[in-house]
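J.: Provide a 3D model corresponding to the input given below.
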Amino acid sequence: MMREPSMMVRETAAEHLEERQNDWAYSKPVVFLDILWNLAFVGVAVSVLILSRDETPSMPLRLWIVGYAFQCLLHMVCVCIEYRRRHPTEEDVLDVEEGSSGRSSASNSPREIGESADDAQRQDEDSNGVVKHLESANTMFSFIWWIIGFYWVSAGGQELTHDAPQLYWLCIVFLAFDVFFVVFCVALACVVGIAVCCCLPCIIAILYAVADQEGASEEDIHQLSKYKFHKVGDPEKLEISGPFGGIMIECGSDPPVEHTLSAEDAECCICLSPYDDGVELRGLPCGHHFHRSCIDKWLRINATCPLCKFNILKSNNHGTEEV
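T.: The predicted structure is shown next:
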């Protein structure tokens, strides 16, 4: 049974995975393919509507196809706005800087300068909120529109294949694609959820493979304390309450610094494996410890403790400034 610290590690990994997913979803290649895909849907819909102008369906299939194309266009608009917000151009940056410098020159009051910056941030959050609400409304509309289209196609029956074959089969293709996309997304979410709960080291390895080295460097990681774990010692002399787990001995310290661990603490919260005798551990400045191999992979993609989110880079910089 997983203990509470392990659940905290998995929640942190899930949040980090969601951030990576959002960054990947709005990367330039993915946005380009998304827009191209939806634009192809709109082009096919317009072409079929023109070619099938002589067809007389018993159900308003043309209206449904127009609504489907409209939601594709609305999705493209939302994606473009969000992409531009996440990746501002040089002109946008210059406009913001000129606006802020103009406001600051008009008033030298630090309070007013801070208020103008807060206003700009608030406007950005408001616009982002409008886009998210619009995208959510579009998703809800697409769900309801799919049900309506499925009903019209089912109610029309075989008559539609004779009266309006092109419109009928285009609706079938659009409906089938939406079902395939939903099933794929649900299956992917289930696989990721199971992996986070049961195979967190695999998720860390995947994140490390696709990461842009935004975490700690090798030099930062090697500055952290390294320990050897030993299942030796007399629990009665160590004055530890509860079952005895072992001793953590710091490497390279003279005299050796020892930390006594209970049986509950003598396990890695990342891989859920107990510490074996002689295994290497890594201790963070916040006091938490893990398998060296597990935490090193984690720190390369996220320089914070997976349990308490303590940033090791800020700790190292603070120590350097003090020296």
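J.: List the buried residues for stretch 164-173?
T.: In terms of neighbour count (16 or more other C-beta atoms under 10 Å), stretch 164-173 has its buried residues at A164, Q166, L167, Y168, L170, C171. In this view, the C-beta of every residue, glycine as well, is placed from N, C-alpha and C.
J.: among those, which are in helices?
T.: Q166, L167, Y168, L170, C171 (DSSP state H).
J.: for the last one, what are its contacts?
T.: Counting by C-beta atoms under 8 Å, 6 or more residues apart in numbering, C171 touches L61, W64, I65, G149, W152, V153.
J.: From S273, how far off is it?
T.: According to C-beta to C-beta, to the nearest Å, C171 and S273 sit 53 Å apart.
J.: Over to the third one?
T.: For Y168, the distance to S273 under the criterion C-beta to C-beta works out to 57 Å.
J.: quick check, nearest of the ones in helices among the buried residues of stretch 164-173 to F143?
T.: C171 (16.0 Å; C-beta to C-beta).
J.: Before we move on, what's the pLDDT of the closest one?
T.: Among the per-residue scores, C171 shows a pLDDT of 94.
J.: Got phi/psi on the nearest residue to L281 once chain neighbours are set aside?
T.: Among residues not flanking L281 along the chain, Y227 sits closest, at 4.2 Å (C-beta to C-beta, 6 or more residues apart in numbering). As for Y227, its main-chain torsions (degrees, to the nearest 10) stand at phi -130, psi 160.
J.: what's Y227 in contact with, if anything?
T.: M248, I249, E250, C251, H259, E280, L281, R282, G283, H289.
J.: Mind putting the residues you listed into a markdown table with pLDDT, secondary structure and distance to N311?
T.: Shown next, in a markdown table, are these (pLDDT from 0 to 100; DSSP: H, G, I helix; E, B strand; the rest coil; distance: C-beta to C-beta, whole Å):
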| residue | pLDDT | secondary structure | distance to N311 |
| --- | --- | --- | --- |
| M248 | 84 | strand | 23 |
| I249 | 84 | strand | 27 |
| E250 | 82 | strand | 22 |
| C251 | 82 | coil | 24 |
| H259 | 80 | strand | 22 |
| E280 | 88 | strand | 23 |
| L281 | 89 | strand | 20 |
| R282 | 87 | strand | 16 |
| G283 | 87 | strand | 16 |
| H289 | 87 | strand | 17 |
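J.: Drop anything exposed from those.
T.: M248, I249, E250, H259, L281, R282, G283, H289.
J.: Now do the second one against C80, distance only.
T.: What that stands for is I249. I249 is 57 Å from C80, by C-beta to C-beta.
J.: returning to what we had before: pick the one among the buried ones among the contacts of Y227 closest to L36.
T.: R282 (45.1 Å).
J.: Make sure that closest one is actually in contact with F290.
T.: Yes. Using C-beta atoms under 8 Å, R282 is in contact with F290, at 5.9 Å.
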